[in-house]
Every structure is written in C-alpha cells, then in structure tokens.
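Student: okay, structure incoming, though there's no sequence with it:
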C-alpha cells in the first residue's frame, strides 16, 4: 500500500520568510511519481510539479524549489521569500506507474501573514 | 489550462435520493478520475476510467458507481445519497502514461451537500 504523510497540518509565517513543506512517502514500487498541488482559497487544484522516481535532480522554479531524496523517501517543497499570494493548502501526492489514481497527503495549510 | 468542466458546481439533496455528477473534458485524454475531498483526509480516489466503458474502483468506491460511454464524459452516480457523502468532488484527467508526464489535471469541483 502507498502512503503520503504531510506532518505539518498548518504553518504560519510572515511575508518574505522562507518556508519548507515536508512530504514523506511510502511505496514498494520501484517506479513511481511524486507531485505537488496547490489549492488556493478559491478551491481549485493547481499542478505545481511532477517527479519520477528515477530522477532525483532537485528543481527550482522562481521562488519555488523541490528537494527529492529517495534515501529518506522525502519530497520537500520550499518557498523562498514567501508572499501573501502563496497562502493556500499544499498537497503532496504519489502515484505508481500505469493508470492508478493519486494517493494524497492530508495537506499543509500555509498562511503567509503580511 | 486543461479543458475540464464539472456539473453541477453546487448541489443540495436529501438522503436517499439518487445524484449524478458529470465531468466533461475537451482534451481527448484517455484517463479520467473521480476524487472526494473531506477535511482531514485530503483527496481520496473513488473510481477511475482508462477508456470508454473501462472503469475500476478506487479507495472509497462503496456507495458510488460510474459510467463512461464517451471519451469526453465521466459520470459519477450516488445511487442513494447519504449524509456521509457530503463532500467536494473533483474530477481529474490525464493523457496516456508516457505522454506529457501523465500528470493529472483537475476540474473545478462540485460541492455536494446531503441533508
């Protein structure tokens, strides 16, 4: 069985601080895919990033960066110089190869205070 | 943005009544999914489809059925709605594995309240 754990239920920081959202996953598959989604207060789910199990290269996209470490089964997400618009619920998700659906963590509610 | 619509967007119904939610896509993607989102649970997979008339169960399929008679439409039916099915329902689509990273893209959601 697959499992995704987002231990941080809620994080509150002041604008311009850096913040890291943790994601730990469990799977017995050797091929799998990891995702991060953002859910702003408006409710839609916005895709942020996808990572394959065989590609541990970290990625940076503007103020966002992701650290994938197979040795610790973690796929952490860092926002640098946070902004109020980053306030949202962030979900980490896992999928095995094939047509299976996503296994989601319970989400981290990020609050950026001005 | 992926062309996904869900209807209705909001619905209030009574216990015991049948309810059908519709997901419509314009991307011609092969795979479609239904999830429900509840506080404290994140999103959980209900059913998914890997082609016309091809469906399979997810983690929380009890009390739900699905149908897919056309590539573009995926219907979720609650045969006899219960209060425990009050939730926000999301549809998602993805291309075949290996194409564009087979990322799942989500519709806007349907908020269902069962009284």
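Tutor: Cool, got the structure. Given the structure is predicted, the values throughout are model-derived calculations rather than measurements. Residues are numbered from 1 along each chain as shown, chains lettered A, B, ... in the order given.
Student: which other helices and strands contact the helix or strand encompassing residue A:75?
Tutor: For residue A:75, the element it lies in under DSSP states H and E is strand A:74-79. Where contact means 3 or more C-beta pairs under 8 Å, 6 or more residues apart in numbering or on different chains; DSSP states H and E, strand A:74-79 is packed against strand A:19-21, strand A:24-26, strand A:32-39, strand A:46-52, strand A:64-69, strand A:88-96. In short, each C-beta sits where N, CA and C put it, glycine included.
Student: can you list those in TSV and add mean neighbour count?
Tutor: Formatted as TSV, those follow (neighbours: other C-beta atoms under 10 Å in any protein chain shown):
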stretch	mean neighbour count
strand A:19-21	18
strand A:24-26	16
strand A:32-39	21
strand A:46-52	17
strand A:64-69	17
strand A:88-96	23
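Student: tell me which of these sits nearest to chain B.
Tutor: Nearest to chain B among these is strand A:46-52 (5.0 Å), distances taken as C-beta to the nearest C-beta.
Student: give me the angle between that closest one and strand A:88-96.
Tutor: Following axes from the mean of the first three to the mean of the last three C-alpha atoms, to 10 degrees, one obtains 30 degrees for the angle between strand A:46-52 and strand A:88-96.
Student: flag the shaky bits of chain A, pLDDT-wise.
Tutor: Counting by pLDDT under 70, the ranges of chain A that qualify are A:99.
Student: who in it is up against chain B?
Tutor: Counting by C-beta under 8 Å from any C-beta of the partner chain, chain A comes close to chain B at A:33, A:35, A:37, A:43-45, A:47, A:50, A:91, A:93, A:95, A:97-107.
Student: bridging residues for the nearest residue to residue A:73 once chain neighbours are set aside?
Tutor: Distances taken as C-beta to C-beta, 6 or more residues apart in numbering or on different chains place residue A:25 nearest to residue A:73, at 5.3 Å, with adjacent residues excluded. Counting by DSSP bridges, residue A:25 is bridged to residue A:4.
Student: so what's the predicted local confidence for the residue lying closest to residue A:104 once chain neighbours are set aside?
Tutor: Nearest residue to residue A:104 in three dimensions, chain neighbours excluded: residue B:42, at 4.0 Å (C-beta to C-beta, 6+ apart). For residue B:42, the model assigns a pLDDT of 89.
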